[in-house]
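Engineer: Sequence first, then the predicted structure, then my questions.
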Amino acid sequence: MKPRTTPAQKLVLAATAALVVGLVVRPAMALHLLWDMIIPLLPAVFLLNPMLWRNVCPLATLNTIAGERVGEARLEGRWLHGAWAVGIILLVTLVPARRFLFNTDGPALALVIAGVAGLAVAGGTRYARRAGFCNAICPVLPVEKLYGQFPIVPVRGARCRDCVLCTPVGCTDLAGAKTMAQTLGPSRRSAGWIATPFGAFAVAFPGLIVGYFTTTNGALSTAPSVYLHAAGWSAASAAVLGVLLLALRAPARWAMPLLGALAFGLYYWLAAPGLSRSYGGGTAGTAIVRALALGLLTVSFARILLGGPAAGESHREMDWRRSGR
């Protein structure tokens, strides 16, 4: 089947190519546009519905084109869970690296973006559709899953005209509200969910956010101290939240939305001053950003209470049991 690319997907892909060029020829302007004006909006987009981004993500477009033309294999079993772990590792590696490299070095960031785009294409040459990158090792995927557990607005997928089960479980497009349950697997039924790669990420992620915002941009030589600082905050977050949730015997179906809300709230509380400055809002803008973030969280929690926890089994649950996952 010939890949179908929508006008919106083509536009975002072209804009990304222009951004990469801008990072080389006009790095200061391109870095400001990306880090100060675009990236801070994505968590709110994920809370509204991850599909808003997944439908137009340029890396997803590249991965899908290659996956539909070349890739045939499905990604499942331990390979799928291993790929999710790789995506988490990439995320926690790249976020602190902003402070000593990517926030200030446009050409270096352009090179990384090009390299990740190459990974997306390469994944599509082996695995069908988006199994080789978007649903596997994408470093944004863990955040999409954490923030997008109870989407506020309904958005349909704009990529797969039919489902070939390239990723039998844990696919946000296929599983919807059951994505988190499928990602955690059978461990979600006990306290063991905290020890899974995604459970460990969820309890550590609030600390990583604080760790990032309590450091400043510096030279490449500051990399060890930046990573140590981020690791310290992440470990503290994992220890405090992990012990608290274990003591309360909090089931994953309630704990995961709370952890997502905590991370989201911390992010916008700390990012609000910079986001306001970027859009010319001043002190009042900071308060507005924080109020809007609180409003989104309130609506999200209302959906959780009205819709109930995402604990249901998917129509592929028997595959989990047969494969022992």
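Structural biologist: Received, thanks. Bear in mind that the values here come from a model prediction, so they are computed numbers and not experimental data.
Engineer: which stretches of the stretch 1-150 of the chain aren't confidently modelled?
Structural biologist: 1-3 (pLDDT under 70).
Engineer: And the helices in it, which stretches?
Structural biologist: In the stretch 1-150 of the chain, the helices defined using DSSP state H, counting those that start in this stretch lie at 7-25, 27-31, 42-48, 51-54, 58-69, 77-97, 106-126, 141-147.
Engineer: What of the stretch 201-325 of the chain?
Structural biologist: According to DSSP H, counting those that start in this stretch, the stretch 201-325 of the chain carries its helices in the segments 223-248, 252-278, 282-307, 317-323.
Engineer: average pLDDT across the helix or strand hosting Ala175?
Structural biologist: Ala175 is part of helix 172-175, with elements assigned from DSSP states H and E. For helix 172-175, the mean per-residue pLDDT is 88.
Engineer: who wins for proximity to Leu59 among the helices of the stretch 201-325 of the chain?
Structural biologist: Nearest to Leu59 among the helices of the stretch 201-325 of the chain is helix 252-278; the distance by CB to CB comes to 21.6 Å. Using the backbone N, CA and C atoms, a C-beta is placed for each residue, glycine as well.
Engineer: elements contacting that closest one?
Structural biologist: When contacts are defined as 3 or more CB pairs under 8 Å, 6 or more residues apart in numbering; DSSP states H and E, helix 252-278 sits against helix 42-48, helix 141-147, helix 179-184, helix 197-213, helix 223-248, helix 282-307.
Engineer: 7 Å - rerun?
Structural biologist: helix 42-48, helix 141-147, helix 197-213, helix 282-307 (3 or more CB pairs under 7 Å, 6 or more residues apart in numbering; DSSP states H and E).
Engineer: What is the end-to-end distance of stretch 121-135?
Structural biologist: Using CA to CA, to the nearest Å, the end-to-end distance of stretch 121-135 comes to 13 Å.
Engineer: Give me the buried positions along that stretch.
Structural biologist: Within stretch 121-135, the residues scored as buried using 16 or more other CB atoms under 10 Å are 121-124, 127-135.
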